[in-house]
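Student: Provided below are the primary sequence and the corresponding predicted coordinates.
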Amino acid sequence: MITLKIKIKEIARKKKGWSLYRLAKELGLPQQTVYSWANGRTQPSYDNMDKLCRVLECSIGELFEADMLDEKKLDIAVNSD
């Protein structure tokens, strides 16, 4: 199974120069919500994902990265057939 890691902190800093605190203020959401996403405890809803992309001016693909270890496991499983 491929796991996805959200890269909110990296994208906010790279694209806007913002901290997670600033991002939460720009989104109009509680700081704890954004920190929870960034730490992988929760995932944003579809509506919040849309807000994130609009505010950060990025695609959904830019916000997530697949865990490379899991990708290698998937590749091995697919190619072993």
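Tutor: Cool, the structure landed.
Student: I'd say F64 and I8 touch.
Tutor: No: with contact defined as Cβ atoms under 8 Å, F64 does not reach I8; the gap is 9.7 Å. Just so you know, the C-beta spots here come from the backbone N, C-alpha and C atoms, and that holds for glycine as well.
Student: For the two, indicate the residue with more neighbours.
Tutor: Between F64 and I8, I8 has the larger neighbour count (other Cβ atoms under 10 Å), namely 20 against 16.
Student: didn't that one look like it was pressed against N39?
Tutor: No: counting by Cβ under 8 Å, I8 does not reach N39; the two are 9.6 Å apart.
Student: So, low pLDDT: which residues of this protein?
Tutor: 1-4, 66-81 (pLDDT under 70).
Student: where along it do the helices fall?
Tutor: 8-16, 20-27, 31-38, 46-56, 60-63, 68-79 (DSSP state H).
Student: relative to helix 46-56, how tilted is the first one?
Tutor: If you take axes from the mean of the first three to the mean of the last three Cα atoms, to 10 degrees, helix 8-16 sits at 30 degrees to helix 46-56.
Student: List every C-alpha atom in stretch 31-48, with coordinates, as PDB.
Tutor: Extracted in PDB, the C-alpha atoms of stretch 31-48 (Å, rounded to 0.1, in the frame of the first residue of the first chain):
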ATOM      1  CA  GLN A  31      -4.000  26.600  14.000                       C
ATOM      2  CA  GLN A  32      -4.400  23.100  15.500                       C
ATOM      3  CA  THR A  33      -6.200  21.900  12.400                       C
ATOM      4  CA  VAL A  34      -3.300  22.900  10.100                       C
ATOM      5  CA  TYR A  35      -0.700  21.500  12.500                       C
ATOM      6  CA  SER A  36      -2.600  18.200  12.600                       C
ATOM      7  CA  TRP A  37      -2.500  18.000   8.800                       C
ATOM      8  CA  ALA A  38       1.200  18.800   8.700                       C
ATOM      9  CA  ASN A  39       2.000  16.200  11.300                       C
ATOM     10  CA  GLY A  40      -0.100  13.500   9.600                       C
ATOM     11  CA  ARG A  41      -2.600  13.000  12.400                       C
ATOM     12  CA  THR A  42      -5.500  14.000  10.200                       C
ATOM     13  CA  GLN A  43      -6.100  14.700   6.500                       C
ATOM     14  CA  PRO A  44      -7.900  17.800   5.100                       C
ATOM     15  CA  SER A  45     -11.400  17.400   3.800                       C
ATOM     16  CA  TYR A  46     -12.000  17.900   0.100                       C
ATOM     17  CA  ASP A  47     -13.200  21.500   0.700                       C
ATOM     18  CA  ASN A  48     -10.100  22.300   2.800                       C
END
